[in-house]
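Here is a sequence with its predicted model. Questions after.
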Amino acid sequence: MQIRMDKGKYDFGIATDGDSDRMALIDEYGNFVDANSVLKLLYYYLKEYRGRKGGIVRNLATTHILDRMAEHYDEPAYEVPVGFKHISRTMEDHDLLLGGESSGGLKIRGHINGKDGILASLLAVEMIARTGKKIGDILAEIDRKFGEFYFHTDNFEYDASERQRLEQLLFEDKHCPDFNSAGDFTKEADFKKESDFTKEIADIKYIDGVKYYFKDGSWVSIRFSGTEPLLRIYMEMNNQDEARAISEFLKKDLNI
């Protein structure tokens, strides 16, 4: 699809997976629009252009920009463990407008009680037609209003002994990495000196693995996949260089 977008004069491209519970979106330049951005686009469209009421729910590995958006519209935002059943249940319990996850699943109030890639695709088409704007323009509008984070993921394979070691370290001993030490992994061009790199922890939660929340709004989530032998690390940082530094630091700190 990206090749066809490059060769043709198209406004956007859309595809669903085999069972149509997820959708993929390509912007006017032929670039893939990640699932976090799709969630931001659709929630913004529903609130700003359709005037729909209702808050959001996301899993703990999904962008916190959705929370900023909900706060702006004076709506609630909920965080749940990974697993779409938690999103569906929370949407029903609190009559929320939209729920989603960074892996691509999303649900909109009033339709099927599960992931719906077809409805998401149709809503994206309506968004482009009704606003008369390109996807890139709408995303830029969202960034100006709500700010930006850089989203990054790492996946690490492990054997049984490694899982036992990491579970003991992170979830039983509750080891807390010294994230300020990540300054050792920054590029000199990005930070004048190591002391300029500060990550002050605001909260730590263990609802699904462990998640570290920082006072500047960034965060790191570490959890074991429920479907594959992988340790997954998700994070939102202020920029790509900061994410790279945190990622390299955690590899060394956790010995993975």
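Done, it's in.

C-alpha from now on. contacts and neighbour counts both.
Fine.

So which residues of the stretch 151-256 of the chain form strands?
201-205, 210-214, 219-224, 230-237 (DSSP state E, counting those that start in this stretch).

To residue 135, which of the ones you listed lies closest?
Smallest distance to residue 135 across the strands of the stretch 151-256 of the chain (Cα to Cα): 21.9 Å, for strand 230-237.

about what we covered before: next, format the strands of the stretch 151-256 of the chain as CSV and append mean pLDDT.
Shown next, in CSV, are the strands of the stretch 151-256 of the chain (pLDDT from 0 to 100):
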stretch, mean pLDDT
strand 201-205, 97
strand 210-214, 98
strand 219-224, 98
strand 230-237, 97
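
partner residues bridging residue 107?
For residue 107, the beta-bridge partners under DSSP bridges are residue 99.

For it, the count of nearby residues, please.
Applying other Cα atoms under 10 Å, we find 28 residues neighbouring residue 107.

Then residue 77?
Counted with other Cα under 10 Å, residue 77 comes out at 20.

hmm, back to that, mind putting the strands of the stretch 151-256 of the chain in JSON lines, mean neighbour count included?
As requested, the strands of the stretch 151-256 of the chain are arranged in JSON lines below (neighbours: other Cα atoms under 10 Å):
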{"stretch": "strand 201-205", "mean neighbour count": "14"}
{"stretch": "strand 210-214", "mean neighbour count": "19"}
{"stretch": "strand 219-224", "mean neighbour count": "22"}
{"stretch": "strand 230-237", "mean neighbour count": "21"}
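
among those strands, which is nearest residue 62?
strand 230-237 (8.5 Å).

Neighbouring strands of that closest one in the sheet, and parallel or not?
Strand 230-237 is paired, per DSSP bridges, with strand 150-157 (antiparallel), strand 219-224 (antiparallel).

can you redo the ones you listed as a markdown table with distance to residue 201?
As requested, the strands paired with strand 230-237 are exported to a markdown table (distance: least, Cα to Cα, whole Å):
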| stretch | distance to residue 201 |
| --- | --- |
| strand 150-157 | 18 |
| strand 219-224 | 9 |
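
among those, which is nearest residue 183?
Ranking the strands paired with strand 230-237 by proximity to residue 183 (Cα to Cα) places strand 219-224 first, at 15.7 Å.

And the contacts of that closest one?
By Cα atoms under 8 Å, 6 or more residues apart in numbering, the list of residues contacting strand 219-224 from outside reads 60-61, 208-213, 230-237.

Just want to check the distance between residue 206 and residue 31.
35 Å (Cα to Cα, to the nearest Å).

wait, what's in contact with residue 108?
So residue 108 contacts 97, 98, 99, 116 (Cα under 8 Å, 6+ apart).

Next: residue 62.
Here residue 62 is in contact with 36, 100, 101, 102 (Cα under 8 Å, 6+ apart).

and the two most separated of those?
Once Cα to Cα is applied, these give 36 and 100 as the farthest pair, at 8.5 Å.

which one of the two has more residues nearby?
residue 100 (26 against 20).

and residue 91, how many residues sit next to it?
24.

Tell me the secondary structure at it.
Following DSSP: H, G, I helix; E, B strand; the rest coil, we place residue 91 in the helix state.
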